[in-house]
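Engineer: Sharing a model prediction with you, sequence too.
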Amino acid sequence: MLKDKIRELSGKIHGDVINHRRFLHSNPELSFQEYQTSAFVKAYLDELGISWQSMADTGIVALIRGSKPSEEVIALRADMDALPITESNDVPYKSINPGVMHACGHDVHTSSLLGTARILQTLRDEFGGTVKLIFQPAEEKLPGGASIMIKEGVLENPKPHAVIGQHVMPLIDAGKIGIRPGKYMASTDELYLTVKGKGGHGAQPQQNIDPVLISAHIIVALQQVVSRIADPKLPTVLSFGKVIANGATNVIPDEVKLEGTFRTLDEAWRAEAHKRMKKIAEGIAESMGGSCDFHIMNGYPFLVNEEKLTAIVRGFAEDYLGKENVLDLDIWMAAEDFAYYSQAADSCFYRLGIRNEAKGITSSVHTSTFDIDEDALAISTGLMAYIALKRLGN
Ligand SMILES: [Zn+2]
Ligand SMILES: [Zn+2]
């Protein structure tokens with residue numbers, strides 16, 4: 001049976017996948033600078049006899065064609081970039097690049113997809129259809145490697161009928177995965193406000209226009225976008241994490257800088273909210289004698305797991321891992337550039353469990369102590385191979 005063959009192969013390659021992951025983990029590279037990682041992926045694809053093409057500078061797209069006749073195409077995606085974090089784990093595979101760390105598990109995604117490629121290449125005489133492998137740069141940095149890969153045609157020639165991605169999840173035990181049909185992750189926009197007034201002595205407010213007070217009003221008033229204007233059934237988040245008013249106890253500054261994030265799960269509402277936020281902030285500033293420069297840097301769109309495809313993928317996962325090892329996920333207000341694939345094609349993005357409390361592996365992604373239980377690599381390769389071949393109709 002296909003499942004047993006894949007299980008056997010993924011067991012056989014587990015040691016190599018761990019080694020690949022450790023190599024990548026030791027040699028992390030920042031977004032859009034994944035040159036060594038890219039070279040590593042290409043060299044391994046060459047070793048497997050899989051042809052590839054460069055894209056988006058450091059990105060790679062490769063095709064594995066099954067020998068049996070079929071027009072079906074599925075794409076599998078991994079991201080390759082690391083984060084500007086100094087690793088504090090004391091492990092043999094610790095990052096050797098100062099200030100750079102695979103703290104979001106993209107080393108896991110890349111090594112797993114290489115393992116999946118090896119399984120599929122080994123089985124290519126036994127299946128029909130084409131598997132497109134996408135190794136993309138820069139998930140962590142706007143405008144996102146996915147958007148560039150798509151612009152450069154990664155979803156064309158051939159066009160995949162489905163795109164599948166996986167991401168590590170420290171809340172889920174190794175050996176399990178999590179999945180959610182429909183809307184799953186948020187759009188994210190960066191907000192940059194400059195509130196301008198007129199600075200002066202703190203003892204003479206009547207001669208100044210206080211941008212600190214204006215900013216305070218703006219921060220409070222903007223929350224009505226979330227609590228009064230947003231549809232209560234639609235998740236919406238507005239947070240300000242940076243407020244700089246560089247005056248002193250007795251000095252009112254000329255201006256205040258505010259930076260925040262706006263997240264939601266609906267494109268029409270997202271656009272409307274941008275307009276409403278601008279209007280409120282500018283109106284308040286003006287009514288108080290100042291002005292507000294409201295700049296929004298659009299981030300990734302929301303991520304949606306196509307319902308039918310996700311139900312099918314869930315079934316395959318239950319079949320491969322056992323029903324008890326496939327968990328339901330809640331909406332997650334973080335963002336992910338896989339969302340671009342999900343806006344362009346039927347897509348499914350599931351979560352790979354990597355937690356192991358007994359081994360002390362519980363840290364969140366984007367922390368200096370993030371690590372994974374490498375037992376997860378025993379299923380990450382085979383599961384994706386199984387999903388791909390089943391979805392191709394084998
Ligand atoms: Zn991340
Ligand atoms: Zn990530």
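Structural biologist: Received, thanks. Residues are numbered from 1 along each chain as shown. Ligands and ions are numbered 1, 2, ... in the order given.

Engineer: ranges for the strands of the stretch 201-350 of the chain?
Structural biologist: With DSSP state E, counting those that start in this stretch, the ranges of strands along the stretch 201-350 of the chain come out as 236-244, 251-252, 255-264, 291-298, 303-305, 326-328, 347-355.

Engineer: a markdown table for those, including distance to Pro69, mean pLDDT and mean neighbour count?
Structural biologist: Just so you know, the C-beta spots here come from the backbone N, C-alpha and C atoms, and that holds for glycine as well. Converted to a markdown table, the strands of the stretch 201-350 of the chain look like this (distance: least, Cβ to Cβ, whole Å; pLDDT from 0 to 100; neighbours: other Cβ atoms under 10 Å):
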| stretch | distance to Pro69 | mean pLDDT | mean neighbour count |
| --- | --- | --- | --- |
| strand 236-244 | 48 | 97 | 15 |
| strand 251-252 | 75 | 98 | 19 |
| strand 255-264 | 44 | 98 | 21 |
| strand 291-298 | 43 | 98 | 16 |
| strand 303-305 | 30 | 98 | 24 |
| strand 326-328 | 32 | 98 | 16 |
| strand 347-355 | 25 | 98 | 25 |
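
Engineer: mind checking which of those strands is nearest Val17?
Structural biologist: Among the strands of the stretch 201-350 of the chain, strand 347-355 comes nearest to Val17, with 12.6 Å by Cβ to Cβ.

Engineer: And the closest one, what does it pack against?
Structural biologist: Packing contacts for strand 347-355, counted by 3 or more Cβ pairs under 8 Å, 6 or more residues apart in numbering; DSSP states H and E, involve helix 106-122, strand 162-173, strand 177-179, strand 303-305, helix 307-321, helix 338-344.

Engineer: can those go into TSV with extra columns for distance to Ile64?
Structural biologist: Putting those into TSV (distance: least, Cβ to Cβ, whole Å) gives the following:
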stretch	distance to Ile64
helix 106-122	5
strand 162-173	14
strand 177-179	23
strand 303-305	24
helix 307-321	18
helix 338-344	19
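
Engineer: So which of those is the most surrounded?
Structural biologist: helix 106-122 (a mean of 26; mean count of other Cβ atoms under 10 Å).

Engineer: List the strands paired with the helix or strand following that helix, with their directions.
Structural biologist: Using DSSP states H and E, the helix or strand that follows helix 106-122 in sequence is strand 128-136. Strand pairing for strand 128-136, determined by DSSP bridges: strand 59-65 (antiparallel), strand 68-79 (parallel).

Engineer: C-terminal to strand 128-136, what's the next element?
Structural biologist: helix 145-151.

Engineer: What sits closest to the residue nearest in space to the middle of the chain if chain neighbours are left out?
Structural biologist: For the chain, the residue nearest the mean C-alpha position is Glu336 (2.9 Å; Cα atoms, centre = their mean). Excluding the flanking residues, the one nearest Glu336 by Cβ to Cβ, 6 or more residues apart in numbering is Met185, at 5.2 Å.

Engineer: My read is that the one you found contacts Tyr340, right?
Structural biologist: No. Applying Cβ atoms under 8 Å, one finds Met185 not in contact with Tyr340, separated by 11.8 Å.

Engineer: quick revisit: could the strands paired with strand 128-136 be laid out in TSV, adding mean neighbour count and distance to Asp330?
Structural biologist: Formatted as TSV, the strands paired with strand 128-136 follow (neighbours: other Cβ atoms under 10 Å; distance: least, Cβ to Cβ, whole Å):
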stretch	mean neighbour count	distance to Asp330
strand 59-65	22	31
strand 68-79	20	22
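
Engineer: Wait, Ser10 touches Ala376, no?
Structural biologist: No. Using Cβ under 8 Å as the test, Ser10 is too far from Ala376 to be in contact (11.6 Å).

Engineer: okay, and the common contacts of the two?
Structural biologist: Residues touching both Ser10 and Ala376 by Cβ atoms under 8 Å, 6 or more residues apart in numbering: none at all.

Engineer: where does the stretch 1-150 of the chain have low pLDDT?
Structural biologist: Across the stretch 1-150 of the chain, nothing is flagged by pLDDT under 70.

Engineer: quick one on the thing from earlier: of the strands of the stretch 201-350 of the chain, give the one that comes closest to Asp125.
Structural biologist: strand 347-355 (26.9 Å).
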